[in-house]
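>>> Starting from these lines, generate the structure:
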Amino acid sequence: MKKVYVLAALMAALIIFVISVWLLLPSPQKYLEGFENGMGTWIADADVPEDPNNPGQPVEWRIRRVENPSHSGRFSLELFIDGRQDDGTIWIETKIESGRRSQVKVSFWFYSEEPSFNTLAVICTYIGAENPEVEDDFYVLGPANEVAGWKKYEYSAVIDSSQSGEVWVAVGISVRFETYLTYYLDDVEIIIS
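Below you'll find the predicted structure:
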């Protein structure tokens, strides 16, 4: 009988321990941006070459909010770059306050008008504790012209932001072929756990 009480006490202690750990763990932070009311906390940035036809000026590029095509709602972001110099990376970025080691996941919907057997551009992303500034900061997810229409992409990384107190997330495209490029981006979600 004494063994039953000891076993019951151990089980109760284990249950209390599991519940305590579960309650004390921070719940994941979730951020979703569909660009229905502007760009939210996202900022456009680029690492692009000089335009040989306009010395001292960068090649033309823009990231702007547009109606259609959109994955959900009425708005998405249009990413345009003059890629005729066979170079350049454009992206949107956001900073989130976080001063700990975290698993960070970004997912988003990306639109290409048509597939291509040539790699015209690649989809790139960044997760880190510093502000991304150059093309080499980015991780390539794959070709931008994989499908006609919308396709979901995801990327995750574990980072330690205890020194900087910041988590930076960025999503964009990088030129791989000498042509004008236009793509669309919508429903960006970040989960920090």
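>>> Count residues in the vicinity of residue 89, would you?
Neighbourhood size, residue 89 [other C-beta atoms under 10 Å]: 24. Yep, even glycine has a C-beta here, placed from its N, CA and C like the rest.
>>> scratch that, residue 152 is what I was asking about
Counted with other C-beta under 10 Å, residue 152 comes out at 11.
>>> okay but it is in contact with residue 107, surely?
Yes. Between residue 152 and residue 107 there is a contact at 6.3 Å, judged by C-beta atoms under 8 Å.
>>> And for residue 110, the neighbour number?
Residue 110 is flanked by 26 other residues according to other C-beta under 10 Å.
>>> again, but for residue 122
Neighbour tally, residue 122, other C-beta under 10 Å: 18.
>>> Quick one: residues contacting it.
When contacts are counted by C-beta atoms under 8 Å, 6 or more residues apart in numbering, residue 122 is found next to 140-144, 173-174, 176.
>>> now those in CSV, with secondary structure, pLDDT and distance to residue 103?
As requested, the contacts of residue 122 are exported to CSV (DSSP: H, G, I helix; E, B strand; the rest coil; pLDDT from 0 to 100; distance: C-beta to C-beta, whole Å):
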residue, secondary structure, pLDDT, distance to residue 103
140, strand, 98, 21
141, strand, 98, 18
142, strand, 96, 22
143, strand, 98, 27
144, coil, 97, 26
173, strand, 98, 25
174, strand, 98, 25
176, coil, 97, 30
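>>> ok, so of these, who is nearest residue 83?
Nearest to residue 83 among the contacts of residue 122, counting by C-beta to C-beta, is residue 176 at 8.0 Å.
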